[in-house]
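1. this one's sequence-less:
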């Protein structure tokens, strides 16, 4: 009897396990089949278009940080938003293409700008979107902007609208440019950390937060010069668009306490009284206004509308495939190797330039730069590929976005022409290296080092020991050489003498307008102007096509990339994403901490030299 029981238990357990395994396979197969049906359905539905009826409003709900290129792929961004609900980045080219396409579309009669969830965007990106808004208005169409609160960047775009509305409990946060950084010198002293700095350029202040308790005289002078210029550009444009007299914004900030007291502390009323906004409305009141002005959508209890994302799927690329101007985006910090979109890899970005050069359909190249710099080696790898592209007979034009400083300027020296926005942060022609050591901190807790080496150089960069003076001399020599190379490349590219470059180099930052006055850029203009300049240099007649050269998708992204964009939106819709006037979370601005984290990730030692600017677009 007992001898049979183990067999019975074994059979029962076996049957239970087989049932469990069959259930698991059934569930996974069902999920897989569901995804397959959705993908196939999305693919075949993707060829269709959302039908646009007469008197439709385009809803541009900007969410997340405005970028030149998605971190990852566009398809990845769509699915991440649909599945995770996190605000995705807004790709500048998509926003501009949608607004320009809608300006030409007779069925689109007005645009609604929802701006409260828009994250950080520098002035050059904002100006590109604002220019598209102006073109939309010039076509005879109306633009309404709304937010529960406007920050400075959001309000810049809103000022270009026909009408601006604010929530009754909201405010317009025009604060000014600039801010405060943490300085770590005393903290590092207490920890026993010595930050050995080697630099060329008296304005190369990127390392000061690690070596000082406050900005140097040179850093304060430099920042005041370019920040005041950028601020004058901002206030001047906002005042013109809102039909305010010059100096209005300065007066409002100066008299803010008294003027707010006069409204009883009502910030929305203050904005209305000072003509910063045209009306105060809740979101439902805005919806009612749009129903009244346009056509109602009874099924969804709203106004007739199409979202920016839905409309983007209908905007087609046009032009001759055999005559192309290629655009390569160089956005983010520069490292030596291979990086995904959102960062610049010396090898990976150079490969994109090489692909454009070797494509017979590409007749000219535009490098769109949005970078504070990084590794000297990574910067030079990219510059060299651009140089080879020029030597191969294809014109190269650099278009500077928010930032093209330090390494971002280094790679720009290989161009036939350089265009910047008036507010682009550029220049910072200087070099630095860092070698932190913590021997004093280790001694405090009783840790010492010792050993034997065959030469003085072996182990000389050990962070647990003081820097050998001979190593310090080697590093400083390398920094000096790199700085001379930077000066020489700039001198040759800009047709200036080395002495003239020295006067405007020294690690100093300039706005695009200031840079043009000093010969560091050729002209002021956005990406469209750069593309036209490249086409002109290549002697291309009208009808050419612009294409973006991007990294090849891999894995899951390869499957997503094979779907038409409209198919992605169909699939996203099946997964439950809602578009029209939907609230969302604001994107987070990148802070100083991320720059320190970048520096910590970079290698340090005798060969670690950087052309980097710890500056951010205002």
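-> That came through fine. Note that the structure is a prediction, hence the values are computed from the model and not measured.

2. make it CA atoms for all contacts and neighbour counts henceforth
-> OK.

3. Below-threshold pLDDT in this structure: ranges please.
-> Flagging of the chain using pLDDT under 70 yields the residue ranges 1-8, 12, 28, 31-49, 73-87, 553-608.

4. Excluding chain neighbours, give the residue nearest to the residue nearest to the spatial centre of it in space.
-> Centroid check for the chain by CA atoms, centre = their mean gives residue 67 as the closest residue, at 3.3 Å. Spatial nearest neighbour of residue 67, chain neighbours left out: residue 91 (5.1 Å); criterion: CA to CA, 6 or more residues apart in numbering.

5. what sits against that neighbour?
-> Neighbouring residues of residue 91 by CA atoms under 8 Å, 6 or more residues apart in numbering: 66-70.

6. Surely the residue nearest to the centre of the chain and residue 121 touch.
-> Yes - using CA atoms under 8 Å, residue 67 is in contact with residue 121, at 7.5 Å.

7. what about the closest residue to residue 520 other than its chain neighbours, how many neighbours?
-> Setting aside the residues directly before and after it, residue 520 is nearest to residue 494 in space (CA to CA, 6+ apart), at 6.4 Å. Taking other CA atoms under 10 Å as the neighbour definition, residue 494 ends up with a count of 20.

8. Sheet partners, orientation included, of the top strand by length along the chain?
-> When the chain is parsed with DSSP state E, its longest strand is strand 320-331. In the sheet, strand 320-331 lines up against strand 362-371 (parallel), strand 544-548 (parallel) (DSSP bridges).

9. Kindly reformat the ones you listed as TSV and extend each row with distance to residue 236 and mean neighbour count.
-> Shown next, in TSV, are the strands paired with strand 320-331 (distance: least, CA to CA, whole Å; neighbours: other CA atoms under 10 Å):
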stretch	distance to residue 236	mean neighbour count
strand 362-371	24	27
strand 544-548	33	18
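
10. can you list these in CSV and add distance to residue 245?
-> Conversion of the strands paired with strand 320-331 to CSV gives the following (distance: least, CA to CA, whole Å):
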stretch, distance to residue 245
strand 362-371, 33
strand 544-548, 40
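
11. Of these, give the one that comes closest to residue 503.
-> When the strands paired with strand 320-331 are compared for distance to residue 503 using CA to CA, the nearest one is strand 362-371, at 23.0 Å.

12. Contacts for the closest one next, please.
-> Under CA under 8 Å, 6+ apart, the answer for strand 362-371 is 68, 322-334, 356, 394-405, 407-408, 527, 530-531, 534-535, 537-538.

13. how far is that strand from where the chain is centred?
-> Counting by CA atoms, centre = their mean, to the nearest Å, strand 362-371 is centred 16 Å from the centre of its parent chain.

14. go on, stretch 320-340?
-> Centre to centre, stretch against its chain (CA atoms, centre = their mean), the figure for stretch 320-340 is 14 Å.

15. which of the residues in that stretch are buried?
-> The neighbour-count check on stretch 320-340 (16 or more other CA atoms under 10 Å) flags 323-339 as buried.

16. need the contact list for the nearest residue to residue 383 once chain neighbours are set aside.
-> Excluding its sequence neighbours, the residue lying closest to residue 383 (CA to CA, 6+ apart) is residue 411, at 4.6 Å. When contacts are counted by CA under 8 Å, 6+ apart, residue 411 touches 379-380, 382-383.

17. Helix, strand, or coil at residue 411?
-> Look at residue 411: counting by DSSP: H, G, I helix; E, B strand; the rest coil, its state is helix.

18. Give me the distance between it and residue 224.
-> Distance, residue 411 to residue 224, using CA to CA, to the nearest Å: 26 Å.

19. Kindly report the same for residue 195.
-> Residue 195 is 27 Å from residue 224, by CA to CA.

20. now do residue 494
-> Taken as CA to CA, the span from residue 494 to residue 224 is 26 Å.

21. what about residue 456, helix or strand, and which?
-> Counting by DSSP states H and E, no helix or strand carries residue 456.
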